[in-house]
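J.: Pasted the sequence and its predicted model underneath.
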Amino acid sequence: MPGMSRDLLLPRARRGGHVAARRMRGQASVLVVIVAAILVIAALLVYDSGRMVITRVHLQNAADSAAYSGAVELARAYNFAAYSNRAMVADQVAIAQMVGLTSWARYYCLIYTTSKCGPFSTLGTADEIKTVLELFSPAQPGTATMSAYRAISKALFTGINKGAGLIVTVLNTVEQTLSLASRTYYGLAYADLALSEAPYNSVDPGIMWRTLRATDPNAQIANASLGDSVGAAGAVATGAWLAQTLRFTKTYNPTGASSTSDPGNRFHNVVMNSRDAFDSGRSSAEVLPFDTLISAFGDCFGDGFGGIDVFSLGYSGSTTLSTDNKTWTTKNGSNPQGDFSAFLAAGVCVINVPTPVGDIPVPIPLVIPISPSMSWANVTAGQKTANYTLSGSHYSGLQKYLDVRNLKKADYTAPAITLVAVRKQGTIATTQQLNQGTQGTNARTLPIAGGNLALTDGEGKQLMAVTASAQVYFVRPVYQTLPGHHYVEVPDQENTLGGHTLYASLFSPYWEAHLVPTPVAAKNGAVLSEFLP
């Protein structure tokens, strides 16, 4: 029909299908918007969660680095003390050497010269040797030898006595410096660690503060300055290991010790066991008899002929440190008089004995003991004994030194360094970094999602907290000797060095640092503090 809509001419079914299609197109748009919104929210949540995880991992790495740096500094302090102690032992051995050399030079001077060697007389040795030589006329070989020995021994003693006194004074000064340096270095290292309990400052925040901030500028060490439960947990952990670390070592003062068996007098025993062969070898056994090359040939008592030779019966001597660690002197248990040697002149004298049938030569053995020669020397802290002390020397005895407090343990690990590192919630980068540009007259950044998502447990101080621990431990090296080779390391064997077991102390520089699990109490305290208001 004219003027009638075409749709009216279509069947009813087809007209209903068009209307339904138009309505369904609107429903799909709403569904797309809803799904897109869910995806955006999920993406934001994943982004924020990922940022929180990454931040915690970064904070944990920073805390581990800080704790490890503290342990490294402490290990260096222990090793510095060990090297200093070894150098001090070497100084004492050198001082003992100077005392022994002086006594040894004086000993030969007393044997071969009739003049006084320092404040001592010859005790008759040289005069008696001269008398024995005069039994034979003209006795030229012995007289010439004695003259040569006298000139050499007198010059040797004079030079060594003066030089040794100066060397002792220098070594004594070096040891005093080493003692002060090792204790000062340790004190400064401990103070640098202790600053972890102080608020951060830009002047000198301490090694762990410096390392933590260098790794994560937004991190801080939890301590009392935070004024909350996390800070209290950090202060407890820090204070505990600081106290334990301080008690792990001890400053020993060997001067005035009453017994060498006292564990605190370890320095004495180490020094005495470290003496070199020149010194300790002389005290272990007498040196075999030796020929002095002093001999005489010619008339025997002006009637007959023969010869005689002078030789020693043995020689002993050593340098010993007194029990109170104040005096080095040349003496030992078998010979308290210091360097000692007995001499004997032995030979034969052939005398013509008249008989009715004529003179008969009769050999007469000669064995003439000669007075022993003795000499000694010493250095004493705070005083000079004219008859003993090295010329111009100054000695102060054994100096103070650092060592572990417990000397009975066979192995050591220092107390664990534990810290709690925190980072405030507002410093954690989340969706607040995503913005929609500037808006309005007063331009400003507007975050799309409205700011941080508080994904930590929320009720506390909005702090992310982690714990870290590091420890200084003693590594006992393992070595064995191969024929024709130097010492080489052999893994998985007993802890020995050249066949000698090494125990942890501040005489062996084998201290190293490593990360260790945080003690359960400290870790639980830090975790629980995040939940507290």
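T.: Perfect, thanks for sending it.
J.: ok, the residue nearest the centre of the chain to Arg405 distance?
T.: Nearest residue to the geometric centre of the chain (CA atoms, centre = their mean): Ala82, 2.0 Å. Per CB to CB, to the nearest Å, Ala82 is found 15 Å from Arg405. In short, each C-beta sits where N, CA and C put it, glycine included.
J.: likewise Met272?
T.: The gap separating Met272 from Arg405 is 23 Å, by CB to CB.
J.: so where do the strands sit in the stretch 51-200 of the chain?
T.: Secondary structure of the stretch 51-200 of the chain (DSSP state E, counting those that start in this stretch): strands at 136-138.
J.: now it, which segments are flagged as low pLDDT?
T.: The model of the stretch 51-200 of the chain has pLDDT under 70 over residues 114-124, 138-140.
J.: where along this structure do the helices fall?
T.: Taking DSSP state H as the test, the helices found in the chain are 6-9, 12-112, 125-133, 140-194, 207-215, 229-248, 266-274, 277-284, 520-529.
J.: Would you format these as TSV with distance to Val310 included?
T.: Formatted as TSV, those follow (distance: least, CB to CB, whole Å):
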stretch	distance to Val310
helix 6-9	152
helix 12-112	10
helix 125-133	6
helix 140-194	8
helix 207-215	69
helix 229-248	61
helix 266-274	35
helix 277-284	22
helix 520-529	78
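J.: Please name whichever of those helices is nearest to Thr413.
T.: Minimum separation from Thr413 across the helices of the chain (CB to CB) falls at helix 229-248, 9.4 Å.
J.: buried ones in the closest one?
T.: Buried residues in helix 229-248, defined by neighbour count with 16 or more other CB atoms under 10 Å: 229-238, 240-242, 245, 248.
J.: Of those residues, just say which sits nearest to Cys109.
T.: Distances from Cys109 to the buried residues of helix 229-248, taken as CB to CB, are shortest for Phe248 (51.4 Å).
J.: what residues are up against the closest residue to that closest one other than its chain neighbours?
T.: Distances taken as CB to CB, 6 or more residues apart in numbering put Ala414 closest to Phe248, at 5.3 Å, once the chain neighbours are dropped. Going by CB atoms under 8 Å, 6 or more residues apart in numbering, Ala414 touches 74, 78, 245, 248, 471-473, 511.
J.: 10 Å instead, please
T.: 71, 74-75, 78, 241, 244-245, 248-249, 404, 470-474, 504, 511, 513 (CB atoms under 10 Å, 6 or more residues apart in numbering).
J.: Got the phi and psi for it?
T.: The phi/psi pair for Ala414 (degrees, to the nearest 10) reads phi -70, psi 160.
J.: For Val270, see how far away it is.
T.: For Ala414, the distance to Val270 equals 21 Å [CB to CB].
J.: And the chain, what are its domain boundaries?
T.: As recorded under automatic domain parsing, the domains making up the chain are 54-80+214-254+406-529, 89-187+256-404.
J.: would you turn those domains into TSV with distance to Val203?
T.: Listed next are the domains of the chain as TSV, based on distance: least, CB to CB, whole Å:
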stretch	distance to Val203
domain 54-80+214-254+406-529	16
domain 89-187+256-404	19
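J.: what bridges to Ala470?
T.: Here Ala470 sits in beta bridges with Ile417, Leu515, as judged by DSSP bridges.
J.: Check it and give its pLDDT.
T.: pLDDT for Ala470: 95.
J.: what do you get for the one 4 residues further on?
T.: According to the per-residue confidence, Phe474 scores 88 in pLDDT.
J.: List the contacts of it.
T.: 75, 78, 404, 411-414, 495, 502-506, 508-512.
J.: Mind checking which of the contacts of Ala414 are buried?
T.: Neighbour-count burial (16+ other CB under 10 Å) applied to these gives 71, 74-75, 78, 241, 245, 248-249, 404, 470-474, 504, 511, 513.
J.: if we can go back for a sec, please name whichever of the helices of the chain is nearest to Gln462.
T.: helix 229-248 (10.4 Å).
J.: Any idea how far that closest one is from the middle of the chain?
T.: Averaging C-alpha coordinates over helix 229-248 and over its chain gives two centres that are 25 Å apart (CA atoms, centre = their mean, to the nearest Å).
J.: That one - contacts with which helices or strands?
T.: Contacts defined by 3 or more CB pairs under 10 Å, 6 or more residues apart in numbering; DSSP states H and E place helix 229-248 against helix 12-112, helix 140-194, strand 220-221, strand 417-424, strand 463-474, helix 520-529.
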